[in-house]
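1. Give me the fold of what follows.
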Amino acid sequence: MINGQTPACKTEFPSLKSSQKTLNQTLVEKAYQLAGIKGYVTNLDSPDEEVIFCYHQLFQMEAAFRMAKSDLKARPIFH
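-> Next up, the predicted model:
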């Protein structure tokens, strides 16, 4: 983006405050620190391992549903 090959609106790291295009190194370092971190929010009084296990199961069920839904190939029904 800094070299002008891609549009500026597609990325979050360039600093566009001045007329000169620069890389916002603070955001790059923050992204490196947060890479791979995932947070779970719940109101349950369950152990952390159980909450993570339930979210993994939810992800697997949603993936199976997406596959099943794409296999239906049913015609639309108009009411």
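
2. now the strands: where do they sit in the chain?
-> Using DSSP state E, the strands of the chain run over 14-15, 22-23.

3. Which elements pack onto the last one?
-> Packing contacts for strand 22-23, counted by 3 or more Cβ pairs under 8 Å, 6 or more residues apart in numbering; DSSP states H and E, involve strand 14-15. For the C-beta atoms, the positions are set from N, CA and C on the backbone; glycine is no exception.

4. For the residue lying closest to Leu44 once chain neighbours are set aside, give me its contacts.
-> Distance criterion Cβ to Cβ, 6 or more residues apart in numbering; nearest residue to Leu44, sequence neighbours excluded, is Val51 at 6.7 Å. In this structure, Val51 makes contact with Tyr40, Thr42, Leu44, judged by Cβ atoms under 8 Å, 6 or more residues apart in numbering.

5. Highest neighbour count among those?
-> Thr42 (11 neighbours; other Cβ atoms under 10 Å).

6. That residue: what's it in contact with?
-> So Thr42 contacts Val51 (Cβ under 8 Å, 6+ apart).

7. And the pLDDT at Pro76?
-> What the model reports for Pro76 is a pLDDT of 68.

8. any chance you could map the helices in the protein?
-> For the chain, helices defined by DSSP state H occupy the ranges 25-34, 48-72.

9. for this protein, what are the low-confidence residue spans?
-> 1-12, 15-19, 70-77, 79 (pLDDT under 70).

10. circling back to that earlier point, wait, which of the helices of the chain is closest to Phe78?
-> helix 48-72 (16.8 Å; Cβ to Cβ).
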